[in-house]
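**Student:** Coordinates only, no sequence provided:
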Ligand SMILES: O=c1[nH]c(=O)c2[nH]c(=O)[nH]c2[nH]1
C-alpha cells in the first residue's frame, strides 16, 4: 500500500473588511468577507514541513487589506486583482481562488446605514384570566455610523491599551424589548413608531459612548410611543478597528477597517417611565 497526498489548498478564511469613502458629507460604505485559497506545488510542506513555497495566510490577509486601500469598483474586480497577484507572485502557486461576499447596507443618511436582511420582530404575550401583558421586540437590526462617534475620557490602568478615539465607526445590532402599559394598542403602528425612534436616535445622537446612545434610543421610544412603559436594550459594540497599513508603506485615512467578530463589548440597559405600571410576571426572567 502506498499513501499519497491528494488535492489540497490553503488560505485565509473570512477576512472581514469595511471600507469607507469619505467624499464630503456623503460616505460610501462597503462591507466584505474575503477568503483566499491557494493551490499548486505544495507537496513539500505537507510531506516534510518545508515551507519555502508557503506564502503565509497572514500575508494573504494583509494583502487583502492593503489592496482594499486602493478601492475597487466591484467585488469581481477586487477578486481578480488579488487572485492574479497571488499567482504572479509565487512560483509554486498555480491557482488562486478568492471568494468575496458583500453585505448589503441601506442608507439612512449621509453617514448612517442599516444592514439589509437579518431583522426579526418579536412579540411575547403573557395572560392570566384577569390580565394580559404584551412585550414587543426586535433583534438583528444592525446600524452603523461612519462618523459622529467618539470614546475618550475613560480611566487608564496598567492593562489599558485602547487609544482615545475622536472619530470612530459606531456599529451595533440592536436587541430590544419593550413592554406595553396596556393590551389595547395599535400594535403595528406602535412597532413602526418604536423602530423609527430607535433608528432615529441612533442616527441623530452624537455619541460619546454606546451607553449614551443606548439611553438616547430608549428615551426617544418613550417620548414617541406613549403606550410603551419600559425599554430594554442590549447593544453589542461591533468594533471596527482601523487597519495599520504602515508596514506596507500605505496610509490609512479612516478608509479600511477590520470588522472584528469576537470579543465584542455588550452594553445593556433599561430606560423606563417613573410612573410605569408594574411589569408582567415574566419580564424579569427575560421571557416577557
Ligand atoms: O462606547 C463604548 N463604551 C464602552 O464602554 C467601551 N469600552 C471600550 O473598550 N470601547 C467602548 N466604547
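**Tutor:** Nice, thanks for sending it over. Everything numeric in this text was worked out from a predicted model, so none of it was measured.

**Student:** For stretch 154-161, give me every contacting residue.
**Tutor:** The contact list for stretch 154-161 (CB atoms under 8 Å, 6 or more residues apart in numbering) reads 162, 164. C-betas here are computed from N, CA, C, even on glycine.

**Student:** go with 10 Å
**Tutor:** The contact list for stretch 154-161, computed with CB atoms under 10 Å, 6 or more residues apart in numbering, reads 162, 164, 209.

**Student:** most surrounded residue in these?
**Tutor:** Counting neighbours by other CB atoms under 10 Å, residue 209 comes out on top of the contacts of stretch 154-161 with 18 neighbours.

**Student:** want to throw the contacts of stretch 154-161 into JSON lines with distance to the ligand and pLDDT?
**Tutor:** Putting these into JSON lines (distance: CB to the nearest ligand atom, whole Å; pLDDT from 0 to 100) gives the following:
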{"residue": "162", "distance to the ligand": "5", "pLDDT": "95"}
{"residue": "164", "distance to the ligand": "10", "pLDDT": "97"}
{"residue": "209", "distance to the ligand": "4", "pLDDT": "98"}
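
**Student:** Out of these, which comes closest to residue 88?
**Tutor:** Nearest to residue 88 among the contacts of stretch 154-161: residue 162, at 39.1 Å, using CB to CB.

**Student:** Now that closest one: closest residue in space that isn't a chain neighbour?
**Tutor:** residue 154 (7.6 Å; CB to CB, 6 or more residues apart in numbering).

**Student:** Kindly report the same for residue 21.
**Tutor:** Per CB to CB, 6+ apart, closest to residue 21 is residue 28, 4.1 Å.

**Student:** Let me know the secondary structure of the one you found.
**Tutor:** State at residue 28, reduced to three classes by DSSP: H, G, I helix; E, B strand; the rest coil: strand.

**Student:** From residue 143, how far out is it?
**Tutor:** 17 Å (CB to CB, to the nearest Å).
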